[in-house]
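Q: How does the following fold in three dimensions:
(chains A and B)
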Amino acid sequence: MELLSIAYTLSLLTYSLGAVLYGSPIPLKSVKRWGILMMYDSLASAVLISIYSLILKLGDYLLEVLGVSWPYFTAWLTGRTASLVTSYLALQSIATALRASGADVLLELVKHISSLIATSLTAIKMIYIISAVVYTLRDKILALGVLLYSTPLRIGKSVGAAMIAISIVYYVGLPLMPSFAYIFETPTPLMTNDKYGSLDGVVTDILGKPIPYPVVRLYKNSRTPVAVTVGDEEGRFHIGPPQSLVQRGEIFEFEVVFMGYKVRPEPHRVEVPWSGELRVYSILYLGEGLALMLVGIFELSISSNTNIPEQIELSLNVVGSEVTLSFLRLSSVNVSEISINTEGVSCRWDSFSWNELEIEECRMQLNTGAYIIRVAYTGASYLRPHIDEKNYINISDIADYLGLVQTVAVSYLYSYLLLPSTYLIALSTASFALSRFIGGGLRLRIV
Amino acid sequence: MFVDLVELVRGMTIIVMSVAWFVFLVSWAIGWALKGSPIPFRSMKRTGQSLIEDSILAAFWLAMGTTIFALISYITSSISLPMPPPPTP
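A: Numbers count the residues shown, from 1 in each chain, chains lettered A, B, ... in the order given. Prediction:
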């Protein structure tokens, strides 16, 4: 290291200057004292220069003894940042929901909580920057400190000692911050706490195959749905935080709408929290924008999957007196053939529009008996219906929730701003003490 | 640039060292002159004595300087051996 070689030659210079002052023919005590002092200083800095690599190793050794590491600390910091960001985003979505519902009074509270969380985020970021500087530049800080320490006439001695102390104390002390925080912080409740649950599920057809983009409606003691959501391509849907706030223990009724048909799924009534399969026993989704709607008592199976794509053979056993069978297709789907028991069926396709999807329907009735139904068609991808989603938010309940979130935000402020600041102050005090020791205490009695 | 700086400081050190030897000689001579002067003042003789002692001590430490630095390097390099493994509780 060039800095160290400069420091070494500087300390030699200081030593000879000290010797000159000490041996000079000026009969003044103060001059002689300065000479001795400079010789001391040069020896102390020579010791520091020689143990440069030892100091670096000592930091790692202390970390090993204490059982902490920098990667763990960085992971801890990123974890905390992530939880803060999650909370912030959750709050933003609550704010959006509130704005939509017109409860502007509560928005002020949300803004206040958001500012608390933003402050905590800034504090975390500050710690992140400090730790990054200490971790990446500590050898350079140490070398610079040693160089400043060995300048003649004590010009940079105290600054150098402070830099040496900081590079040691912060390198060992910062990874200990998690342990410090665990001792003092109260366990922070998560933003989406036990009060609220969620309804997660996948909508499937008779044979358990997922239905794409199902519209899931949620009812609660009324004829109008309290929440409406559209599932994804794999039929999965989520009703819960952050979009909807459904309380644990609340009971809701499901309804699924698919290609213009409202159907009642199994299970119908659920209690929050719930997750599972929402089975629709009257729809068979054949894929690529073609579905089969069956009403009645029957047994159904796909009897053979022919190798030709988009050609399906079903075996249907009508048990009850009658089954109503409806083919539903997007208008872009071309059905080339429908045959029942090898007999071709001509269809009259009635078209209707449902949420900007053009759908055509062919309806027929089948009496008791066993049927083989064969369908050949050219499919098209099923599009997402344009439906205004509706989130469930109980306004009278949300005030309580926000109060709780406020408590959480204040505890965030405590554990992300106050505790780390206290810890940094403690580290600075320790650095100061160490720098006093290095800068003033290293005295070797040589004369 | 760093090499230049190191060379500069080294050159200065050599100059200061040669100045130092000259200064020691001067102060040694002055010391003896004061001590042996026919002026019957105790304090002057003591000053001369201390000048002689200081110049001799300073000359000794300057001569020992490189040895001391080498010793420090030797001692610190011998303690910077691999650390023992941390104790396990």
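Q: longest helix of the chain?
A: Let's take chain A. Secondary structure of chain A per DSSP state H: the longest helix is helix A:105-149.
Q: you looked at the wrong chain, it should be chain B
A: Looking across chain B with DSSP H, the single longest helix is helix B:42-79.
Q: Show me what counts as buried in that helix.
A: By neighbour count on 16 or more other Cβ atoms under 10 Å in any protein chain shown, the buried set for helix B:42-79 is B:47-48, B:50-52, B:54-55, B:57-59, B:61-62, B:65, B:68-69, B:72-73, B:76. Quick note: C-beta positions are derived from backbone N, CA and C, even for glycine.
Q: filter the residues you listed down to the ones near chain A?
A: B:47, B:50-51, B:54-55, B:57-59, B:61-62, B:65, B:68-69, B:72-73, B:76 (Cβ under 8 Å from any Cβ of the partner chain).
Q: Around A:T429, count how many other residues there are.
A: A count of neighbours around A:T429, defined by other Cβ atoms under 10 Å in any protein chain shown, yields 11.
Q: What of A:T342?
A: A:T342 has 7 nearby residues by other Cβ under 10 Å.
Q: now A:L290
A: Using other Cβ under 10 Å, A:L290 is surrounded by 24 other residues.
Q: Same check on A:R436?
A: Neighbours of A:R436 using other Cβ under 10 Å come to 14.
Q: do the same with A:S346
A: Around A:S346 there are 6 other residues, counting by other Cβ under 10 Å.
Q: ok, it to A:L290 distance?
A: According to Cβ to Cβ, to the nearest Å, A:S346 stands 17 Å off from A:L290.
Q: now A:S198
A: From A:S198 to A:L290 the distance is 32 Å (Cβ to Cβ).
Q: OK, contacts around A:S435?
A: A:S435 makes contacts with A:158, A:161-162, A:164-166, as judged by Cβ atoms under 8 Å, 6 or more residues apart in numbering or on different chains.
Q: A:L12 reaches B:L62, doesn't it?
A: No: the pair A:L12 / B:L62 is not scored as a contact, 10.9 Å apart, by Cβ atoms under 8 Å.
Q: can you pull the contacts of the residue nearest the centre of chain B?
A: The centroid of chain B falls nearest to B:L62 when counting by Cα atoms, centre = their mean (3.0 Å). Residues near B:L62 by Cβ under 8 Å, 6+ apart: A:15-16, A:19, A:23, B:17, B:20-21, B:24.
Q: for the helix or strand that the longest helix of chain A is followed by, packing partners?
A: Using DSSP states H and E, the helix or strand that follows helix A:105-149 in sequence is helix A:157-173. Packing partners of helix A:157-173 (3 or more Cβ pairs under 8 Å, 6 or more residues apart in numbering or on different chains; DSSP states H and E): helix A:52-66, helix A:105-149, helix A:419-436.
Q: Are we agreed that A:A380 is in a strand?
A: No: read with DSSP: H, G, I helix; E, B strand; the rest coil, A:A380 is coil and lies in no strand.
Q: starting at the chain centroid, how far to stretch B:13-21?
A: 11 Å (Cα atoms, centre = their mean, to the nearest Å).
Q: How about it and chain A, any contact?
A: Yes: Stretch B:13-21 reaches chain A (Cβ under 8 Å from any Cβ) through B:13, B:16-17, B:19-20.
Q: Tell me the buried residues within those residues.
A: B:13, B:16-17, B:20.
Q: mind listing which of the residues you listed are in helices?
A: B:13, B:16-17, B:20.
Q: ok, A:R264 touching A:E255?
A: Yes: between A:R264 and A:E255 a contact is recorded at 6.3 Å, counting by Cβ under 8 Å.
Q: Looking at the two now, which is surrounded by more residues?
A: A direct count of neighbours by other Cβ under 10 Å for A:R264 and A:E255 places A:E255 higher, at 16 against 12.
Q: just to revisit the earlier point, what's the model's confidence in the longest helix of chain B, averaged?
A: Per-residue pLDDT over helix B:42-79 has a mean of 88.
Q: How about stretch A:201-210?
A: 90.
Q: so who does the closest residue to chain A within chain B touch?
A: Taking Cβ to the nearest Cβ as the measure, the point where chain B comes nearest chain A is B:A58, at 2.9 Å. Residues near B:A58 by Cβ under 8 Å, 6+ apart: A:19-20, A:22-23, A:35, B:20, B:24.
Q: again, only this time at 6 Å
A: Taking Cβ atoms under 6 Å, 6 or more residues apart in numbering or on different chains, we find B:A58 in contact with A:19, A:22-23.
Q: a markdown table for the residues you listed, including distance to B:L8 and secondary structure?
A: Shown next, in a markdown table, are the contacts of B:A58 (distance: Cβ to Cβ, whole Å; DSSP: H, G, I helix; E, B strand; the rest coil):
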| residue | distance to B:L8 | secondary structure |
| --- | --- | --- |
| A:A19 | 20 | helix |
| A:Y22 | 24 | helix |
| A:G23 | 24 | helix |
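Q: Now do the SS call for the spatially closest residue to A:A370 that is not a sequence neighbour.
A: In space, and not counting its chain neighbours, A:A370 is closest to A:N317: 4.9 Å by Cβ to Cβ, 6 or more residues apart in numbering or on different chains. Here A:N317 is recorded as strand under three-state DSSP.
Q: A:P212 too?
A: Following three-state DSSP, the label given to A:P212 is coil.
Q: can you tell me which residues contact it?
A: A:P212 makes contacts with A:233, A:382, as judged by Cβ under 6 Å, 6+ apart.
Q: how much space between it and A:E356?
A: Applying Cβ to Cβ to A:P212 and A:E356 gives a distance of 16 Å.
Q: What is the burial count for A:L148?
A: That count, for A:L148 with other Cβ under 10 Å as the rule, works out to 22.
Q: give me the residue from chain A nearest chain B.
A: A:G23 (2.9 Å).
Q: ok now do residue 24, which residues does it touch?
A: No chain in the question, so chain A it is. Taking Cβ under 6 Å, 6+ apart, one finds B:V23 in contact with A:S24.
Q: Wait, chain B was what I had in mind.
A: A:23, B:55, B:59.
Q: hang on, the second one packs against A:Y22?
A: Spelled out, it's B:S55. No: the pair B:S55 / A:Y22 is not scored as a contact, 8.7 Å apart, by Cβ atoms under 6 Å.
Q: who's in contact with A:L366?
A: Contacts of A:L366 (Cβ under 6 Å, 6+ apart): A:318, A:323, A:325.
Q: Once you drop chain neighbours, what's closest to it?
A: Take A:L366 and drop its neighbours on the chain: the residue closest to it by Cβ to Cβ, 6+ apart is A:V323, 4.9 Å away.
Q: would you say the one you found is within a strand?
A: Yes: under three-state DSSP, A:V323 falls within a strand.
Q: I'd like to know how many residues surround A:V215.
A: Counted with other Cβ under 10 Å, residues neighbouring A:V215 total 24.
Q: Same check on A:E250?
A: The number of residues packed near A:E250 is 18, by other Cβ under 10 Å.
Q: What of A:M293?
A: Neighbours of A:M293 (other Cβ under 10 Å): 20.
Q: for the record, mean pLDDT for stretch A:131-145?
A: Over the span of stretch A:131-145, the pLDDT mean works out to 93.
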